[in-house]
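> dropping the sequence and predicted coords here.
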Amino acid sequence: MIQAGSEDAAWINVLQYVVPVAACAWALAGIFRQQVAKPSLLRRHAAPPLAPAGAA
């Protein structure tokens, strides 16, 4: 059972739900807003190939 935040002021009870729900919504929006890198961009920034053994 969830305990009320305040018996006298009902509007304070709303805050105990609004604050965590707003925080979750903000966090999830940040997660789903991230864009996935395109494979062509990943290849463009890849490390150069290693030199053959013995080449100095």
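That came through, no problem.

> what segments of the chain are helices?
10-33, 39-44 (DSSP state H).

> ok, and which of those has the densest surroundings?
helix 10-33 (a mean of 10; mean count of other Cβ atoms under 10 Å). Placement of C-beta: from N, CA and C, glycine included.

> in the chain, where is pLDDT below threshold?
Counting by pLDDT under 70, the low-confidence segments of the chain come to 1-6, 36-49, 51, 53-56.

> quick one: residues contacting Q34.
Applying Cβ atoms under 8 Å, 6 or more residues apart in numbering, we find Q34 in contact with no residue.

> how much space between it and W26?
14 Å (Cβ to Cβ, to the nearest Å).

> again, but for I12
For I12, the distance to W26 - Cβ to Cβ - is 21 Å.

> tabulate the helices of the chain (CSV), appending distance to L50.
What follows is those, written out as CSV (distance: least, Cβ to Cβ, whole Å):
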stretch, distance to L50
helix 10-33, 36
helix 39-44, 16
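
> among those, which is nearest P52?
helix 39-44 (21.4 Å; Cβ to Cβ).

> list the contacts for A25?
Counting by Cβ under 8 Å, 6+ apart, A25 touches no other residue.

> begin at 5, not 1, for the rest of this chat.
All right, first residue 5 from here; so that's A29.

> quick check: the gap between it and D12.
Distance, A29 to D12, using Cβ to Cβ: 29 Å.

> again, but for P56
Counting by Cβ to Cβ - P56 and D12 are separated by 80 Å.

> go on, A27?
Separation of A27 from D12 (Cβ to Cβ): 26 Å.

> before we move on, what about F36?
In this view, F36 and D12 are 39 Å apart by Cβ to Cβ.

> how about Q39?
Q39 is 48 Å from D12, by Cβ to Cβ.
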